[in-house]
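S.K.: Okay, sequence plus prediction incoming.
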Amino acid sequence: MKFWKIKSGYWPVVIIISLLFCRLLPFTFPIFAQTPAGFNWRYHSTSNFVIAYRQADKTLAIRILGELQQRQQELARRLSYQPRRVITVFLCPTPQIFNLMTGGAVPHWGEAAANTAQWRIFLKTPAASNSRELLPVTLTHELAHLCLAELALPNAIPRWFNEGAAIFLANESRHAEPTMISRAILTNSLVDFEEIDDLLSFPNARAALAYGESYHAVNFMVRRFGGEAIRKFTQAFAAHQQSRQAFQAAFGQELWDFEAEYFDDLRQRFRWYFLLDESILFGGVILILLIAGFFVTRRRTKKKLQEWEAKESETAEASPPEIDGNKASPLPDR
């Protein structure tokens, strides 16, 4: 479903896929930047949200506010809790204002961010976005970060789980490309849970891999421990600061063992998906065509040689025997 597009029509697939890395973990901004001089925010509020916007974006802001209300109710139902925090949403009309409001903490590929320290969400308008649209899943993803943070108070949840759960709750599974993970398995370049903590410093491709792995880790957790797994693990952080202690309290298992089982499951499920990669498929088709062409040419050449040999044999059989003129004929008997 398209949502508040800057103009009609579909943008290139690569832009849509790039939305995979347009989600950011809640973070604390180093310095909260001030609004540029001369820029005046307008505000609209409900019981749970306050949205700040430019006057020209009023219609869009009201639509976003209604969407946020609906998405929050869905998340509250799925996580079995009642939100109590008022969330402020900033609808940034330009990339420059977005960067100023987030203190420059968001990588260049980021399209949205959530700040759990101040219960704020920062969004780019379609005009400011690289993808030229603002999708409902983006709102759900950022809102999920704040919902999870509220459930885990006063502690913070690990980045792999935070990102994976946000993608899972936003139903972004279509972005978890199996061929990307399969290539990482082939090259032995999977990102472990602790490495994912440095997600914001990753280049695009590695960030995409980290997001995909995080989603599949949470998906594996839900398959293993049931539909309440996300809520149980999140709430365990309210009493346990360390991930391993919280995991043990929630599921009665060591996080080390879960991580090992997860990566084993990942290798079993996705090991051969790299064969579906477009470049490999194209190369494979070319190779097959070359091999097929070689054998067809060889077969035709062999058949042609056999035809020539058969013609030569027929010609030799049809020709009369040659007479040697130098050989004397025998004398008749007298």
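M.R.: Looks like it came in fine. Numbering: from 1, shown residues only.
S.K.: Quick check: which ranges of this protein have low pLDDT?
M.R.: Across the chain, the ranges flagged by pLDDT under 70 are 1-37, 173-175, 274-290, 292-295, 314, 316-334.
S.K.: ranges for the strands of it?
M.R.: Using DSSP state E, the strands of the chain run over residues 42-45, 49-53, 87-92, 112-115, 120-124.
S.K.: Could you dump those strands into CSV and include mean neighbour count and distance to F98?
M.R.: For every residue, glycine as well, the C-beta is placed using N, CA and C. As requested, the strands of the chain are exported to CSV (neighbours: other Cβ atoms under 10 Å; distance: least, Cβ to Cβ, whole Å):
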stretch, mean neighbour count, distance to F98
strand 42-45, 13, 17
strand 49-53, 20, 12
strand 87-92, 22, 4
strand 112-115, 26, 8
strand 120-124, 24, 5
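S.K.: quick one, what contacts A249?
M.R.: 236, 239-240 (Cβ atoms under 8 Å, 6 or more residues apart in numbering).
S.K.: how close does it sit to Q118?
M.R.: 29 Å (Cβ to Cβ, to the nearest Å).
S.K.: picking that back up, where neighbours are concerned, which of the contacts of A249 has the most?
M.R.: A236 (21 neighbours; other Cβ atoms under 10 Å).
S.K.: That one contacts F247, correct?
M.R.: Yes. In this structure, A236 is within contact of F247 by Cβ atoms under 8 Å, at 7.3 Å.
S.K.: What residue spans form the domains of the protein?
M.R.: For the chain, automatic domain parsing gives the domain ranges 23-153, 155-300.
S.K.: Determine how far the last residue of the longest one lies from the first.
M.R.: Between the start and the finish of domain 155-300 there is a gap of 74 Å, counting by Cα to Cα, to the nearest Å.
S.K.: ditto for stretch 108-121
M.R.: So stretch 108-121: terminal residues 17 Å apart, Cα to Cα.
S.K.: starting at the chain centroid, how far to it?
M.R.: Centroid separation for stretch 108-121 versus its chain: 19 Å, with Cα atoms, centre = their mean, to the nearest Å.
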